[in-house]
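Colleague: Give me a model of this one.
(one chain, ligands or ions: 2)
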Amino acid sequence: MAAPEPLSPVIAVLNMKGGVGKTTISAHLMHHMFERLQKSTLLIDLDPQFNLSQTVLTRSRYEKTKEAGKTISAVMEPSQSPSIFQITTNFDPPPKDAEISTKLKYFTHSPDINLAILPGDFGLTKYSLIEDQASLQPIRRRFLQFIAETRTQRDLICIDCNPSSSFLTVCALLACTHVLIPVRPDRYSILGLQLLDQFISELPLLISKPKMIIVLNGSRRSDSEMSTESTLRGDGRFGPLVLANHMPFSNLMAANDGYVGFATDKKVSHVSAIKTRLTKVTDELKGHLGW
Ligand SMILES: Nc1ncnc2c1ncn2[C@@H]1O[C@H](COP(=O)(O)OP(=O)(O)OP(=O)(O)O)[C@@H](O)[C@H]1O
Ligand SMILES: [Mg+2]
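Modeller: Ligands and ions are numbered 1, 2, ... in the order given. Okay, here's the model as predicted:
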């Protein structure tokens, strides 16, 4: 009998440090990976700030999607609760990916291979306000059930996480197979990594530990950045986890209020340079995902 197909990888893009490029990597690297490898991909915006959704959806498209109840909130709870301090305990199964995700791109020769987003929702903030964390268990279960079902339909799931260690971070860690950690080459970066490493290794619910992958992001190759990078690469614990290729600082990837969409779709001549960088990181990451 043939061995069953291995389940698709789930990447949590995570770092408890803010502003290191989690959302940038989730949007632009995953988009490039989708186009290059033609893998059906679901992006999940698990950050209540929903920056990923704002990066790839126009405001009006996001508003319509939210009105239709097609955001991550629909996965967490069956319907919006009347109060921000209340949750709806209901054991109905979560909705299906195809019912609630928003398609961003697809291949005309094979529309099933698409890149979609499950948009974020400011309403997720309430999970950090609820004191009785045990009451959130059914929500976590629903989220994990959604991920388990989606893994049978998609080639890849990528979860953009919020920077704090919260209920949502634990949900992402329990769901993922890989943790992709963007790191800015500054002197606090190793400290942030140690904290995350400890959090992952001591999280009691986490039976099978996800594989950690570190990607250096936003470097301008200054002397001090190069020195931090070599310290990180020389670190006994973290050095071997750092991808050989880095994502440089690029104006094309920098958030810009006037632009909604992916960096590499911009019609400018220097887009090829950033595509080359993204290709190198994609090809390296591909090996880690077992593709
Ligand atoms: N490689 C890059 N080149 C240029 N700008 C970048 C790059 N990576 C990130 N940025 C910019 O840095 C800022 C922070 O990036 P981003 O929002 O991706 O970080 P984050 O880790 O998701 O932040 P948060 O912790 O708030 O969720 C944004 O303005 C983004 O456009
Ligand atoms: Mg972010």
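
Colleague: How are the helices of this structure distributed by residue range?
Modeller: Taking DSSP state H as the criterion, the chain carries its helices at 22-24, 30-37, 51-56, 59-67, 73-76, 97-100, 137-151, 167-175, 189-202, 223-234, 271-288.

Colleague: can you pull the contacts of Arg187?
Modeller: With contact set as CB atoms under 8 Å, 6 or more residues apart in numbering, Arg187 has these partners: Thr228. C-beta coordinates here come from the backbone N, C-alpha and C atoms, glycine included.

Colleague: Check the gap between the residue lying closest to Ile139 once chain neighbours are set aside and Gln145 for me.
Modeller: Spatially, and ignoring its direct neighbours in sequence, Ile139 is nearest to Met76 (4.9 Å; CB to CB, 6 or more residues apart in numbering). When distance is defined by CB to CB, to the nearest Å, Met76 is 11 Å away from Gln145.

Colleague: which one of the helices of the chain has the lowest average pLDDT?
Modeller: Note on those: lowest mean pLDDT is at helix 189-202, with a mean of 90.

Colleague: Tell me what angle that helix forms with helix 167-175.
Modeller: 70 degrees (axes from the mean of the first three to the mean of the last three CA atoms, to 10 degrees).

Colleague: Name the residue of the stretch 101-250 of the chain that lies nearest to ligand 2.
Modeller: Distances between the stretch 101-250 of the chain and ligand 2 by CB to the ion are smallest at Asp160, namely 6.0 Å.

Colleague: related to what we said a few turns ago, with neighbour numbers in mind, choose between Met76 and Gln145.
Modeller: Met76 (25 against 13; other CB atoms under 10 Å).

Colleague: so what's the more buried one up against?
Modeller: For Met76, the contacting residues are Leu124, Tyr127, Ile139, Arg142, Phe143, by CB under 8 Å, 6+ apart.

Colleague: again with Leu241
Modeller: Met212, Ile213, Ile214.

Colleague: Number of residues surrounding the nearest residue to Tyr188 once chain neighbours are set aside?
Modeller: The shortest distance from Tyr188 to any non-neighbouring residue, by CB to CB, 6+ apart, is to Lys17 (7.0 Å). By other CB under 10 Å, 21 other residues sit near Lys17.

Colleague: correct me, but Lys17 touches Gly192?
Modeller: Yes - if you go by CB atoms under 8 Å, Lys17 and Gly192 touch, sitting 4.0 Å apart.

Colleague: got the residues of the stretch 51-200 of the chain near ligand 1?
Modeller: Asn51, Pro163 (CB under 6 Å from any ligand atom).

Colleague: Point me to the residue of the stretch 51-200 of the chain nearest ligand 1.
Modeller: As assessed by CB to the nearest ligand atom, ligand 1 sits closest to Pro163 within the stretch 51-200 of the chain, at 3.6 Å.

Colleague: got the contact list for that residue?
Modeller: Pro163 neighbours (CB under 8 Å, 6+ apart): Asn15, Met16, Lys17, Gly18, Gly19, Lys22, Asp47.
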